[in-house]
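> From the sequence below, what's the structure:
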Amino acid sequence: MPRERVTYVCQSCGHQSPKWLGRCPDCHQWNSQVEERIESPLHRRENASLGTKEEPSPIEQIPTEEEGRALCGIGEFDRVLGGGLVKGSVVLTGGDPGIGKSTLLLQVLDGLSRSGLRCLYVSGEESQRQIKMRGQRLAITSPNLHVLSETSLERIIEQVKKVKPAALVVDSIQTIFTTSLPSAAGSIGQVRESTSSLISLSKKTGLCTFLIGHVTKDGAIAGPRVLEHMVDTVLYFEGERGYNFRILRAVKNRFGSTNEIGVFEMKEAGLREVTNPSEIFIAERPLQASGSVVVSSIEGTRPILVEIQALVSRSFLAIPRRTTIGVDHNRVALIVAILEKKMGLHLFNQDIFVNVAGGVHVSEPAVDLGVAVAVGSSSMDKPVDPSTILFGEVGLAGEVRAIAQAEARVKEAGKLGFKDCILPQANRQQLDHIKIPALSGVSSIADCWRILF
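Residues are numbered from 1 along each chain as shown. Take a look at the predicted model:
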């Protein structure tokens, strides 16, 4: 009988070592290695294969008739998925504890069950009674929605074959274990094996599967990184503790656009979709206040207007502070250096704070001009006209470069009542047919300064 082999696996990155190490050589985490027993190569479960038994075919002869997508009735969620659920897809959802992952997916299953589809919600963290209490708060009473409290993978697969649902939610994948591995639930091996089995089941039967994953203190989904490569779609549910808004962001989607977002608001009766997030994010902005500007950012396929606030004040520290919330810290430092060099602003001895109101995170270069104007406005204590919106990428020479989807940004600003728009000159030349808002093209920060200040 072959001797059982033991290895030590890092629970943060999945690095394997034949002996225990205090610090992982890959991710440098301390005390993250856990002992695991290696399964014999001869022991392979039958459901580890996709089981399609198809023969290789020329790519031009493969049929491509698309099947209709299933809509869950939550428009923001369907948008993030690319237009609805694809049959046989596997979606991994991660987010901080208490952010609303379980609530959102329970509402998604309720919407699918109301359309006549049978759904199964499997929880390894709550009892059926606890899920029922949450369902009453969310007004969920559909008879097509089945609830199971179970952590055994074999038992879950058995119930899936018995109930035959169209959609399955596993909350969470870190609580599921299989008896084929001796390690504890939540370990690297258990998470990888359980996910592989559920993916195989989904591909064989056409079952739509949602996996809820825990996140580490750094915000990444816990477990091996290969977990995100195995599934079809990866969603991150984000939000700040002090705000009621939640943002569902797709970072991987084999059946739709990536970087698409959906905006939700947490209410007493659950999550409610926000159909016009721009209006919400700029509703409480101060008028005629220095350091406040509105910019247009593209998230996925739609423009969103957000308010960028900046505060510049004299520093009494040896090294002035540079604090940013919602924007890239390095990008702000670059823009501050450009303002000092090209516009003559004295910011070397000033504390600079930049914030995106509403708890939103914007990362595209099109908000560079907004950050520069907000910092300049606060530094000179000159407010920007509240009916003006601007966007554009700023280069190291102080030039304002063209950005993508300028027409969609301008039209969104016009819908919300903005009268003036400052944009790159290269984009302005292509938008002569737009009359509202009035467009002003700029080719450098100096041009923008002459218009605003």
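
> mind listing the helices in the stretch 351-453 of the chain by residue range?
Using DSSP state H, counting those that start in this stretch, the helices found in the stretch 351-453 of the chain span residues 368-380, 406-415, 425-428, 445-452.

> What helices and strands are in contact with the shortest one?
Spelled out, that is helix 425-428. If you count contacts as 3 or more C-beta pairs under 8 Å, 6 or more residues apart in numbering; DSSP states H and E, helix 425-428 packs onto strand 438-442. C-beta coordinates here come from the backbone N, C-alpha and C atoms, glycine included.

> tell me which residues of the strand it packs on are tucked away?
Going by neighbour count (16 or more other C-beta atoms under 10 Å), the buried part of strand 438-442 is 439-442.

> Out of those, which two sit at the greatest distance?
Maximum pairwise distance among the buried residues of strand 438-442 (C-beta to C-beta): 10.4 Å, between Leu439 and Val442.

> Identify the contacts common to these two.
By the contact definition C-beta atoms under 8 Å, 6 or more residues apart in numbering, Leu439 and Val442 are jointly contacted by Leu423.

> just to revisit the earlier point, pipe the buried residues of strand 438-442 into JSON lines and attach distance to Ile156 and pLDDT per row.
Compiled in JSON lines, the buried residues of strand 438-442 are given as follows (distance: C-beta to C-beta, whole Å; pLDDT from 0 to 100):
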{"residue": "Leu439", "distance to Ile156": "57", "pLDDT": "94"}
{"residue": "Ser440", "distance to Ile156": "60", "pLDDT": "93"}
{"residue": "Gly441", "distance to Ile156": "59", "pLDDT": "94"}
{"residue": "Val442", "distance to Ile156": "59", "pLDDT": "95"}
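
> coming back round to it: and Ile62, which of the helices of the stretch 351-453 of the chain is closest to it?
helix 406-415 (35.0 Å).

> quick one: buried residues of the closest one?
Neighbour-count burial for helix 406-415, counted by 16+ other C-beta under 10 Å, picks out 406, 409-410, 412-414.

> what's the answer for stretch 113-126, then?
In terms of neighbour count (16+ other C-beta under 10 Å), stretch 113-126 has its buried residues at 113-114, 117-124, 126.

> Following the host helix or strand of Phe210 in sequence, what is the next regular element?
Take DSSP states H and E as the rule and Phe210 turns out to sit in strand 208-213. Using DSSP H and E, the next helix or strand after strand 208-213 towards the C-terminus is helix 226-230.

> chain center to that following helix, what's the gap?
16 Å (C-alpha atoms, centre = their mean, to the nearest Å).

> Show me the contact partners of it.
Under C-beta under 8 Å, 6+ apart, the answer for helix 226-230 is 14, 90, 92, 173, 191-192, 195-196, 199, 213, 221, 234, 252.

> Between these, which sits nearest Gly358?
For these, the nearest to Gly358 is Val234 (24.1 Å; C-beta to C-beta).

> May I ask you to confirm that the closest one belongs to a strand?
Yes - assessed by DSSP: H, G, I helix; E, B strand; the rest coil, Val234 belongs to a strand.

> where does the residue lying closest to it once chain neighbours are set aside fall, helix, sheet strand or coil?
Once flanking residues are discounted, Val234 sits nearest to Lys252: 4.1 Å by C-beta to C-beta, 6 or more residues apart in numbering. At Lys252 the chain is in strand, as set by three-state DSSP.

> now the one 5 residues further on
Secondary structure, three-state DSSP: Ser257 is coil.

> Phi first, then psi, for it.
Per-residue torsions, Ser257: phi -80, psi 140 (degrees, to the nearest 10).

> What are the structural domain limits within this structure?
Per automatic domain parsing, the domain ranges recorded for the chain read 5-38, 72-275, 280-452.

> Ile62: which of the ones you listed is closest?
domain 72-275 (15.9 Å).

> now the buried residues of stretch 113-126 as a markdown table including pLDDT?
Compiled in a markdown table, the buried residues of stretch 113-126 are given as follows (pLDDT from 0 to 100):
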| residue | pLDDT |
| --- | --- |
| Ser113 | 94 |
| Arg114 | 91 |
| Leu117 | 93 |
| Arg118 | 95 |
| Cys119 | 96 |
| Leu120 | 96 |
| Tyr121 | 96 |
| Val122 | 96 |
| Ser123 | 95 |
| Gly124 | 92 |
| Glu126 | 93 |
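
> among the residues you listed, which are in strands?
Members of the buried residues of stretch 113-126 lying in strands (criterion: DSSP state E): 119-123.
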